[in-house]
Structures are given as structure tokens and as C-alpha cells.
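In: Just the structure for this:
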Amino acid sequence: MHISHTSPAWLLTKRLNPDYYAPRHIEDDNTLMTIGAVQLKSVGKLFVGPFGSELPTSVFAEEGVPLFRVGNVGEMEVDENNLARISSALHDKLGASEVVPGDILIVKASLPSQKFARKIS
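Out: Numbering: from 1, shown residues only. Here you go, the predicted model:
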């Protein structure tokens, strides 16, 4: 547990949980700002999903378009082992989620230590 005072300028109405404002996180944010880091949303468009029950395993195919899942995106690498595949028709319906060279994949699993980002080249 911690006690900290957070400037109103830092408060986000969608993030009122105290752990988000832990001193170590505020310090990390300050460090990132001093080296010129920017928020991803300021330099590109973020797309989400599909995930969970929106894409059940019943749609997976033996052959087809590779589908990146959380387990396939590691720390600065893509694990191409055990890639799921979906049909071309389903891939066409999910066009907004297509990954192309230059994209950055960000996945979040249930544990904070399992956050990874990967630029596709």
C-alpha cells in the first residue's frame, strides 16, 4: 500500500484506482516524458480485437490466414509456433484487425508482467 499526492493534471476520470497512481508509475511517466516519448494514440490509430468469445476456436481452420493470439506475441518477437488460422472469408470480415508490416502489436494478458509490444517487419 502507498500514499501519494497526485496533481489534478495527472488524474484521468477513467482511471481512479490508486495503483495506477503509484509513485513508481508516476516516476516512470515523468522519465518517459523527459526523453520525448509520446502516447501511441498521438501517432497512429489503435484497433481492437476481436478477442474472447467474439472469435471462438470453432472458427479455426487447418489452413488459411494466420491469426496472432496473445501467446504468439512475445517480448520483441513473434512466435510463429502454434499459430491459429482462419478462413480467408472470415479474415475479410475482420479487415480492421489485419496486421501489416510496420504495425505494432500490443497484447495484454491477465497478468501485468505479460504485456508485450512488437513491431511487425
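In: contacts, neighbours, all on C-alpha from now
Out: Will do.
In: In the protein, what helix or strand scores lowest on average pLDDT?
Out: When the helices and strands of the chain are scored by mean pLDDT, DSSP states H and E, strand 115-119 comes last with a mean of 53.
In: can I have the lengthiest strand in the chain written out in PDB, keeping just the CAs?
Out: Taking residue count as the measure and DSSP state E as the definition, the longest strand of the chain comes out as strand 60-67. Coordinates of each C-alpha in strand 60-67 appear next as PDB, following Å, rounded to 0.1, in the frame of the first residue of the first chain:
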ATOM      1  CA  PHE A  60     -10.100 -22.000 -36.600                       C
ATOM      2  CA  ALA A  61      -9.100 -23.800 -39.700                       C
ATOM      3  CA  GLU A  62      -6.300 -26.300 -40.700                       C
ATOM      4  CA  GLU A  63      -5.200 -23.900 -43.400                       C
ATOM      5  CA  GLY A  64      -5.800 -20.200 -44.000                       C
ATOM      6  CA  VAL A  65      -4.700 -16.800 -42.800                       C
ATOM      7  CA  PRO A  66      -2.500 -16.800 -39.600                       C
ATOM      8  CA  LEU A  67      -4.100 -15.400 -36.500                       C
END
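In: after it comes which helix or strand?
Out: As assigned by DSSP states H and E, the chain's next helix or strand after strand 60-67 is strand 73-74.
In: Quick check: which helices or strands does that following strand pack against?
Out: Contacting strand 73-74 under the criterion 3 or more Cα pairs under 8 Å, 6 or more residues apart in numbering; DSSP states H and E are the following elements: strand 115-119.
In: Just the element for the residue nearest in space to the middle of the chain, please.
Out: The geometric centre of the chain, computed from its C-alpha atoms, lies nearest to residue 106 (Cα atoms, centre = their mean), at 2.5 Å. Here residue 106 is covered by strand 104-108, with elements defined by DSSP H and E.
In: What residues of that strand count as buried?
Out: If you call a residue buried by 16 or more other Cα atoms under 10 Å, then strand 104-108 has these buried ones: 105-107.
In: And what about residue 31, helix, strand or coil?
Out: Secondary structure state of residue 31, per DSSP: H, G, I helix; E, B strand; the rest coil, is helix.
In: Okay, domains of this protein per the record?
Out: The chain is divided into the following domains under automatic domain parsing: 1-37, 39-119.
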